[in-house]
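Enquirer: What follows is a predicted protein model with its sequence.
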Amino acid sequence: MKYILILIALFLTIINVSAQNTEIDKQIKEINNINSESKINKNIKIWEELIINLKDKEVELSKKYNSRIDFEWSLAWNTIKKWSIYSKKFEKYWNKELSLNIYSFDKWWKKLIENKLFNLFIYKDINYLIIDNKNIKKEKLDLYIEKASNEWIFVKQILNSNEKELKKENILNKIDTALSNNQNKWTYITVWWNKNFIFSIISKINKEVNETWYKKKINLVLVSPFNTDVLNKYITNFVSNKLWIDNILLLPESSKTQIWENPDNIEKLENSLRIKEYEYININKNSKISEVLFISKFINSLSNNWFSNSYIYLIIIIPFLFTWISVFKHLVWLTPIGIIIPITLTLLIFQIWLIVTSIIFFSLVLINLLLWKITNKYTLLYTPKISFIIIINLVLIMLLLDILFMYNLVNINITDTLFIILFIIISERFITVVLSKELNEYKYNLLNTILFSLISYLILSISFVQTVILAYPEIILALIPINFIIWKFTWLRITEYFRFKEIIKSIEEE
């Protein structure tokens, strides 16, 4: 028992020392920032007190110069203050510069040793913003912030990120910190996005809420350039049954400036939008998805279980890829290598980028052509031969990924392990083709495979297409009769019309 108490005491001591060190580090960091920055931005809400405490700075400089240190704070239309601590309450909106001169004394005269400028923005209200920095141009964001400041609104970016980087962020903590500074329960977070960002945000927050048993309610105002009616259905599939959401407003980009009218109260904002007849939709997050719409319910279940939007989309588009390959093969008559290879290649392009997928795929093609030339010289049993070649392919993939990691061309984490396995599947299927045929026999099929994946990626990566598919996923059911019609198709294929155009022309002339 004695030893247990000693261990507990030691543990508490370590925590205490660590906390003190953290606080000291924080103060040192603040001093260093004052030292390094010639201009410092300060945003203060009207009637709140601005306090700049440079007492530690005074002690540091006093030791450095072995002298008394004087501080002179100068603000337009205000008397000069001469203390190391500056404090002031502002009674009107301002955008001013607070100048600080720091002096040391050298015998008979004082010497200017530092000059700092504090850009003061005294604002009326604050707009908490989460921005999709991959798809919203910086120029648009800067213009939004500038125009908001003209209305004395401070745009506080609590998260400026993209879908790929969200895995590293603690979004809930950032939101909670922002909302804790405002006592108004109707305070909301604005999310401005263009593509899939919002749904990954919602899934990530949902995960963090479940992990931390978060009890507060969050209001969201969503701003997007897409058609709001389609987005309404799209978003409902994701936000339904999310208990941490209190209220959601969906605004087109044309209505976003109305946020400045009521940037801290979602109820007042909605009333203002309704009175001024601006376009918006109040999304009822309590509305239940009909049991008939079982695919929409499936999407909602995946979202509730923390799947990101990009993974959900990859699952949903697989039936479309199967249908498109039927069209490509039997209506267009451009035959790729099998079914699994072109579909898997398309999924890989979505997940790890077109250039990276191309590098790895063409590397596999080249190495397998080389292995085909080597292995054809020997009579080998089939299974050991395949195992031998697949192991070499695996080693090559590891080497390529290592090089890509080194140059930051790809960012794969543990959730992307599946896509490495997909490369292995491609290898096995492709090896089977390589070993059984001459290059001339399948080179056009190889080109068709690449063409299929590129066209599929270009079409399915269009924002409108993504939105429609995830808003109305039940259209997958329409693919069943379409495939049945293709199955019964016996006419000429599209490429055959070009191939036999002279024969068709002569028949028509007769």
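Expert: Thanks, I have it.

Enquirer: Next up, identify which helix or strand the nearest residue to Leu321 once chain neighbours are set aside is on.
Expert: Nearest in space to Leu321, with sequence neighbours left out and distances taken as CB to CB, 6 or more residues apart in numbering, is Ile343 at 4.7 Å. Yep, even glycine has a C-beta here, placed from its N, CA and C like the rest. Element membership for Ile343 (DSSP states H and E) is helix 340-352.

Enquirer: can you tell me which strand in this protein is longest?
Expert: In the chain, taking DSSP state E as the definition, the longest strand is strand 109-123.

Enquirer: buried stuff in that strand?
Expert: Within strand 109-123, the residues scored as buried using 16 or more other CB atoms under 10 Å are Glu114, Lys116, Phe118, Leu120, Phe121, Ile122, Tyr123.

Enquirer: per-residue confidence averaged over it?
Expert: Across strand 109-123, the average pLDDT comes to 90.

Enquirer: before we move on, what about stretch 426-446?
Expert: Mean pLDDT, computed over stretch 426-446, is 74.

Enquirer: shaky segments in the stretch 1-150 of the chain?
Expert: Along the stretch 1-150 of the chain, segments meeting pLDDT under 70 span 1-38.

Enquirer: Would you map the strands across it?
Expert: Per DSSP state E, counting those that start in this stretch, the stretch 1-150 of the chain carries strands over the ranges 39-45, 49-53, 69-75, 85-89, 94-106, 109-123, 125-132.

Enquirer: Any idea what Ile245 is bridged to?
Expert: Ile245 forms beta bridges with Ile218, as assigned by DSSP bridges.

Enquirer: and it, how many residues sit next to it?
Expert: When counting by other CB atoms under 10 Å, one arrives at 20 neighbours for Ile245.

Enquirer: ditto for Asn247
Expert: A count of neighbours around Asn247, defined by other CB under 10 Å, yields 18.

Enquirer: per-residue confidence for the residue nearest to it when sequence neighbours are not counted?
Expert: Residue nearest to Asn247 in three dimensions, not counting chain neighbours: Asn219, with 4.8 Å by CB to CB, 6+ apart. On pLDDT, Asn219 comes in at 92.

Enquirer: So Asn219 sits against Ile248, correct?
Expert: Yes. Asn219 is within contact range of Ile248, at 7.5 Å (criterion: CB atoms under 8 Å).

Enquirer: Show me which of the two is the more surrounded one.
Expert: The neighbour count for Asn219 versus Ile248, taken as other CB under 10 Å, is higher for Ile248 (24 against 20).

Enquirer: Surely His236 is in contact with Lys288?
Expert: For the record, residue 236 is Thr, not His. No. Contact criterion CB under 8 Å: Thr236 and Lys288 do not qualify, at 9.7 Å.

Enquirer: returning to what we had before: so what secondary structure elements neighbour the longest strand of the chain?
Expert: In terms of contacts (3 or more CB pairs under 8 Å, 6 or more residues apart in numbering; DSSP states H and E), strand 109-123 is packed against strand 39-45, strand 94-106, strand 153-161.

Enquirer: in its sheet, what does that strand sit against?
Expert: With DSSP bridges as the test, strand 109-123 pairs up with strand 39-45 (parallel), strand 94-106 (antiparallel).

Enquirer: Need the contact partners of the last one.
Expert: By that I understand strand 94-106. Strand 94-106 is contacted from outside by 42, 61, 65, 67-76, 86, 110-122, 149, using CB atoms under 8 Å, 6 or more residues apart in numbering.

Enquirer: What's opposite Tyr86 in the beta bridge?
Expert: Bridge pairing for Tyr86 - DSSP bridges - gives Ile52.

Enquirer: Could you report the neighbour count for it?
Expert: Residues contacting Tyr86 under the criterion other CB under 10 Å number 18.

Enquirer: how close does it sit to Phe238?
Expert: Tyr86 sits 48 Å away from Phe238, going by CB to CB, to the nearest Å.

Enquirer: and if you look at Lys195?
Expert: From Lys195 over to Phe238 the distance is 14 Å, taken as CB to CB.

Enquirer: who's more crowded, the two?
Expert: Phe238 (25 against 21).

Enquirer: what's the offset of the helix or strand encompassing that one from the middle of its chain?
Expert: Per DSSP H and E: Phe238 is located in helix 228-239. Put simply, helix 228-239 sits 19 Å off its chain's centre (CA atoms, centre = their mean, to the nearest Å).

Enquirer: So which other helices or strands are in contact with that helix?
Expert: helix 197-212, strand 218-224, strand 245-252, strand 281-283, helix 294-304, helix 463-471.

Enquirer: Out of these, which is the most enclosed?
Expert: strand 218-224 (a mean of 23; mean count of other CB atoms under 10 Å).

Enquirer: Which neighbouring elements make contact with that one?
Expert: Packing partners of strand 218-224 (3+ CB pairs under 8 Å, 6+ apart): strand 188-192, helix 197-212, helix 228-239, strand 245-252, helix 266-275.

Enquirer: quick one: it to helix 463-471, angle?
Expert: If you take axes from the mean of the first three to the mean of the last three CA atoms, to 10 degrees, strand 218-224 sits at 140 degrees to helix 463-471.

Enquirer: now the residue sitting nearest the centre point of the chain: how far from Glu169?
Expert: The residue lying closest to the centre of the chain (CA atoms, centre = their mean) is Glu163, at 1.5 Å. Separation of Glu163 from Glu169 (CB to CB): 11 Å.

Enquirer: How about the contacts made by the residue nearest to Asn196 when sequence neighbours are not counted?
Expert: Nearest residue to Asn196, sequence neighbours excluded (CB to CB, 6+ apart): Asn309, at 4.3 Å. Counting by CB under 8 Å, 6+ apart, Asn309 touches Glu163, Asn196, Phe199, Ser200, Ser203, Phe238, Ser303, Leu470.

Enquirer: The fifth one and Ser303 touch, don't they?
Expert: Okay, so that is Ser203. Yes. Ser203 lies in contact with Ser303 (CB under 8 Å); the separation is 5.2 Å.

Enquirer: Give the residues shared as contacts by the two.
Expert: Phe238, Asn309.

Enquirer: if we can go back for a sec, adding distance to Ile360 and mean pLDDT, write the helices and strands packed on strand 218-224 out as JSON lines.
Expert: Formatted as JSON lines, the helices and strands packed on strand 218-224 follow (distance: least, CB to CB, whole Å; pLDDT from 0 to 100):
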{"stretch": "strand 188-192", "distance to Ile360": "34", "mean pLDDT": "94"}
{"stretch": "helix 197-212", "distance to Ile360": "25", "mean pLDDT": "84"}
{"stretch": "helix 228-239", "distance to Ile360": "32", "mean pLDDT": "82"}
{"stretch": "strand 245-252", "distance to Ile360": "40", "mean pLDDT": "91"}
{"stretch": "helix 266-275", "distance to Ile360": "47", "mean pLDDT": "93"}
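
Enquirer: So which of the ones you listed is nearest Lys134?
Expert: helix 197-212 (7.6 Å; CB to CB).
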